[in-house]
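Peer 1: sharing a model that was predicted from the sequence below.
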Amino acid sequence: MKFPVVLHKDADSEYGVTVPDVPDCFSAGSTVSQAFENVKEALSLHYEGLIADGEPLPQIHEIDDHLDNPVRSA
């Protein structure tokens, strides 16, 4: 499954990755590759927690659905 993600970096920080369709799921890394690898692990752990808690899994949207929504893509 593919997840739209947002990659961001401030001048004095590592690369950060957020997942607009999965609230509270984020990761970081010192390189872009590391940040993307770390977010895979974060998603896996996040989904394991949701399943263990009996929570519904988030709906994943096409990336185009996020283009005009600053809340989801920020």
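Peer 2: Done, it's in. Numbers count the residues shown, from 1 in each chain.

Peer 1: centroid-nearest residue for the chain?
Peer 2: What sits nearest the mean C-alpha location of the chain, by C-alpha atoms, centre = their mean, is Val19, with 2.2 Å.

Peer 1: tell me the confidence at the spatially closest residue to that one that is not a sequence neighbour?
Peer 2: Among residues not flanking Val19 along the chain, Cys25 sits closest, at 4.6 Å (C-beta to C-beta, 6 or more residues apart in numbering). For glycine as for every other residue, the C-beta is placed from the backbone atoms N, C-alpha and C. Note for Cys25: predicted pLDDT of 91.

Peer 1: tell me where the protein has strands.
Peer 2: 6-9, 15-18, 26-29 (DSSP state E).

Peer 1: list the strands paired with the last one, with their directions.
Peer 2: Applying DSSP bridges, strand 26-29 is found paired with strand 15-18 (antiparallel).

Peer 1: on that earlier part again, the residue nearest to Val19 against Ala42, yeah?
Peer 2: Yes. Cys25 is within contact range of Ala42, at 5.6 Å (criterion: C-beta atoms under 8 Å).

Peer 1: give me the common contacts of the two.
Peer 2: Counting by C-beta atoms under 8 Å, 6 or more residues apart in numbering, the shared contacts of Cys25 and Ala42 are Val19.
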